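Undergrad: Need a 3D model of the following:
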Amino acid sequence: MPNFTLLLYVTTKLCCFQSKPGEVEEAVKHAIDVGYRQFDCARFYENEAEIGKAIREKIQEGVVKREDLFITSKLWCTNMRPDLVEPTLKSSLADLGLEYLDLYLIHWPCAFKEGNGLLPEDTNNPGKVLFSDVDYVDTWKAMEDVHKKGLAKSVGISNFNERQVTRLLENAKVVPVVNQVQIVVRYAVYYKKNGLSSKRVTSGDFKKTKNNHRPWAKPSDPILIEEPIIKEIAAKYGKTPAQVIFR
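TA: Residues are numbered from 1 along each chain as shown. As a prediction, this is how the structure comes out:
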């Protein structure tokens with residue numbers, strides 16, 4: 001078993017999850033104007049076409065060149081069957097108006113039933129997601145193929161734990177360049193116990209302050225920026241709760 005460590009990179013990156021229609025385009029354009037160059041996208045976010053429109057406009061204006069930008073997208077769980085990887089990537093490229101991605105990730109290490117929406121439900125058991133038997137190791141082989149073809153300059157993973165990373169490394173020809181994970185205050189102990197990257201895979205720092213907007217979240221899940229202890233620390237140092245959490 002490798003000696004797993006957690007390596008972080010902290011960059012100025014705009015995450016486009018749950019951005020509302022009509023808002024994300026303006027957000028991306030403004031972000032580019034003020035200096036953002038990394039954009040974290042995903043098929044699951046359902047807004048890549050609007051993001052692509054904003055990017056093309058800024059390139060046409062001469063504000064940035066394509067090579068100035070680092071665009072990430074992710075393969076959603078319903079498209080993990082190997083024969084679906086390349087068509088799904090090309091669909092994202094078409095929406096974004098790009099010829100290649102700088103980074104393409106497997107969004108989660110589990111596959112959902114294909115062809116039944118983003119969150120396919122069991123009609124006999126509402127709320128229960130239908131899974132597929134696709135192995136993420138087989139998905140990774142298809143990821144290596146799109147990387148070889150130049151459709152994605154780099155390929156990686158997201159939300160994998162230590163055991164899953166280890167198994168993938170044992171079967172991979174191309175080592176994932178990053179394991180993008182969500183890092184928030186309450187998850188610190190979990191990450192320490194379970195390890196989300198190895199010494200061979202960098203772990204992306206993807207922090208969130210809220211968690212009540214995720215489709216899988218429970219109504220009782222806490223919102224960190226409203227936590228009394230976070231507010232107390234923020235007041236003590238003259239900062240906002242969000243600034244304390246991101247620090």
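Undergrad: how much space between the residue found closest to L119 once you drop the neighbours it is linked to in the chain and K53?
TA: Distances taken as C-beta to C-beta, 6 or more residues apart in numbering place V129 nearest to L119, at 5.9 Å, with adjacent residues excluded. (C-beta placed from N, C-alpha, C; glycine too.) Look at V129 and K53: by C-beta to C-beta, to the nearest Å, they are 31 Å apart.
Undergrad: Same check on L101?
TA: Per C-beta to C-beta, L101 is found 17 Å from K53.
Undergrad: who's more crowded, the two?
TA: The residue with more neighbours, out of L101 and K53, is L101; 24 against 17, by other C-beta atoms under 10 Å.
Undergrad: Verify the stated contact: the more buried one with S92.
TA: Yes: contact criterion C-beta atoms under 8 Å: L101 and S92 qualify, at 7.2 Å.
Undergrad: list residues touching both of these two?
TA: Residues touching both L101 and S92 (C-beta atoms under 8 Å, 6 or more residues apart in numbering): S73.
Undergrad: Three-state assignment for K74, please.
TA: Look at K74: counting by DSSP: H, G, I helix; E, B strand; the rest coil, its state is strand.
Undergrad: which element is V165 on?
TA: Take DSSP states H and E as the rule and V165 turns out to sit in helix 162-171.
Undergrad: export that helix as PDB, just CAs?
TA: Presented in PDB, the C-alpha positions along helix 162-171 are these (Å, rounded to 0.1, in the frame of the first residue of the first chain):
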ATOM      1  CA  GLU A 162      -7.500   6.200  -1.300                       C
ATOM      2  CA  ARG A 163      -8.600   2.700  -2.100                       C
ATOM      3  CA  GLN A 164     -10.100   3.800  -5.400                       C
ATOM      4  CA  VAL A 165      -7.000   5.800  -6.400                       C
ATOM      5  CA  THR A 166      -4.700   2.900  -5.500                       C
ATOM      6  CA  ARG A 167      -6.700   0.500  -7.700                       C
ATOM      7  CA  LEU A 168      -6.800   2.900 -10.600                       C
ATOM      8  CA  LEU A 169      -3.000   3.500 -10.400                       C
ATOM      9  CA  GLU A 170      -2.500  -0.300 -10.500                       C
ATOM     10  CA  ASN A 171      -4.300  -0.400 -13.800                       C
END
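Undergrad: Give the next helix or strand downstream of that helix.
TA: Downstream of helix 162-171 (by DSSP H and E), the next one is strand 178-182.
Undergrad: Can you spell out which helices and strands pack onto that following strand?
TA: Helices and strands touching strand 178-182, by 3 or more C-beta pairs under 8 Å, 6 or more residues apart in numbering; DSSP states H and E, are strand 103-106, strand 155-158, strand 202-206.
Undergrad: Taking helix 162-171 as reference, get the angle to it.
TA: 170 degrees (axes from the mean of the first three to the mean of the last three C-alpha atoms, to 10 degrees).
Undergrad: Describe which strands strand 178-182 pairs with in its sheet and in which direction.
TA: Next to strand 178-182 in the sheet, as set by DSSP bridges, lie strand 155-158 (parallel), strand 202-206 (parallel).
Undergrad: Lowest average confidence across the ones you listed, which one?
TA: Ranked on mean pLDDT, the bottom entry among these is strand 202-206, at a mean of 51.
Undergrad: buried sites along the helix or strand following that strand?
TA: Once the chain leaves strand 202-206, the next helix or strand it forms, by DSSP H and E, is helix 228-237. Burial within helix 228-237, assessed by neighbour count using 16 or more other C-beta atoms under 10 Å, is assigned to 230, 233-234.
Undergrad: Could you measure from the residue lying farthest from the centre of the chain over to V244?
TA: With C-alpha atoms, centre = their mean as the measure, the chain has its most outlying C-alpha, relative to the mean C-alpha position, at K236: 33.3 Å. Computed with C-beta to C-beta, the distance linking K236 and V244 is 9 Å.
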